[in-house]
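J.: Any chance you could fold what I've pasted below:
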Amino acid sequence: LVHGASAHLARVVAKLVPGTNVYNFILQIFAFWKFFSVELIMPRKLLTIAGVNNQAAYEEKDGERQIVRGDATDAGLLRYSDAVYPVLLARQSFPTKFEIPFNSTNKYAVVVVSCAGARDHLVFMKGAPERVIDRCDKYAHERGERPMNDMYTEMFEDSYHRFGVCGERVIGFAFARVPAR
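T.: Prediction:
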């Protein structure tokens, strides 16, 4: 989450009816994102990770574009991301070189992608927040990336547990730049 926006997000989430599916949750979060310019770097990175590290896919069926592959979480993330960011273009811009699909043991999914014009590869990760944050040394703040510290870790754990107590699904996202071999 982008620090400083969590209070508004908490208000949006508090209005959700228990049992709301992922797609409806993401549509409600769309109202939250309207407070930020999509041109801000952190939301763009989040949308790119959500769209590229995703097993869901669209296909034309009976003249309609339908999601034909992927679980409910990936389908919801694809619908949301694609509504505000061109996922197909992102997938073309960041072709997958290596992939670790989500499984219940790891509780995360990872893709390594190449980036046109860059020597480095990017690693996009999504999954259980406690698994994702364990692999991070920085976090997204409204003014850019900041180093992890005890205060942030405590705030993260508090927020994560508050969402969990309410029965809400929380997904962590991360990225890293790695040298290409």
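
J.: how much space between the spatially most central residue of the chain and residue 107?
T.: Centroid check for the chain by Cα atoms, centre = their mean gives residue 50 as the closest residue, at 4.1 Å. According to Cβ to Cβ, to the nearest Å, residue 50 stands 17 Å off from residue 107. For glycine as for every other residue, the C-beta is placed from the backbone atoms N, C-alpha and C.

J.: next one: residue 62
T.: Counting by Cβ to Cβ, the separation of residue 62 from residue 107 is 36 Å.

J.: of those two, who's got more company?
T.: Using other Cβ atoms under 10 Å, the more surrounded residue of residue 62 and residue 107 is residue 107, with 14 against 5.

J.: What sits closest to the more buried one if chain neighbours are left out?
T.: residue 128 (3.9 Å; Cβ to Cβ, 6 or more residues apart in numbering).

J.: so how far is residue 176 from that neighbour?
T.: Using Cβ to Cβ, one gets 18 Å for the distance from residue 128 to residue 176.

J.: go on, residue 65?
T.: Computed as Cβ to Cβ, the residue 65 to residue 176 distance reads 32 Å.

J.: Which residue is the nearest non-sequential neighbour of residue 53?
T.: Closest residue to residue 53 apart from its sequence neighbours, by Cβ to Cβ, 6+ apart: residue 124 at 4.2 Å.

J.: sec struct for residue 105, please.
T.: Three-state secondary structure (criterion: DSSP: H, G, I helix; E, B strand; the rest coil) places residue 105 in coil.

J.: what about it, how many residues close to it?
T.: The burial count for residue 105: 6, using other Cβ under 10 Å.

J.: Please report phi then psi for it.
T.: The main-chain torsion angles of residue 105 are listed as degrees, to the nearest 10 and equal phi -80, psi -50.

J.: Tell me the confidence at it?
T.: In this model, residue 105 is scored at 94, pLDDT.

J.: Buried residues, the longest helix seen in the chain. List them.
T.: Counting residues, the longest helix found in the chain (DSSP state H) is helix 150-165. Residues 152, 156, 159-160 are the ones in helix 150-165 that count as buried (16 or more other Cβ atoms under 10 Å).

J.: for that helix, what is the average pLDDT?
T.: If you average the pLDDT over helix 150-165, you get 89.

J.: Extract the CA atoms of that helix and return them as PDB.
T.: What follows is helix 150-165 as a C-alpha-only set of coordinates in PDB (Å, rounded to 0.1, in the frame of the first residue of the first chain):
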ATOM      1  CA  ASP A 150      10.700  -1.300  12.700                       C
ATOM      2  CA  MET A 151       8.000   1.400  12.700                       C
ATOM      3  CA  TYR A 152       6.900   0.400   9.200                       C
ATOM      4  CA  THR A 153       7.000  -3.300  10.000                       C
ATOM      5  CA  GLU A 154       4.800  -2.700  13.100                       C
ATOM      6  CA  MET A 155       2.400  -0.600  11.000                       C
ATOM      7  CA  PHE A 156       2.200  -3.300   8.300                       C
ATOM      8  CA  GLU A 157       1.500  -6.100  10.700                       C
ATOM      9  CA  ASP A 158      -1.200  -4.000  12.500                       C
ATOM     10  CA  SER A 159      -2.900  -3.200   9.200                       C
ATOM     11  CA  TYR A 160      -2.600  -6.700   7.900                       C
ATOM     12  CA  HIS A 161      -4.100  -8.200  11.000                       C
ATOM     13  CA  ARG A 162      -7.000  -5.600  11.000                       C
ATOM     14  CA  PHE A 163      -7.900  -6.700   7.500                       C
ATOM     15  CA  GLY A 164      -7.600 -10.300   8.400                       C
ATOM     16  CA  VAL A 165      -9.900 -10.000  11.400                       C
END
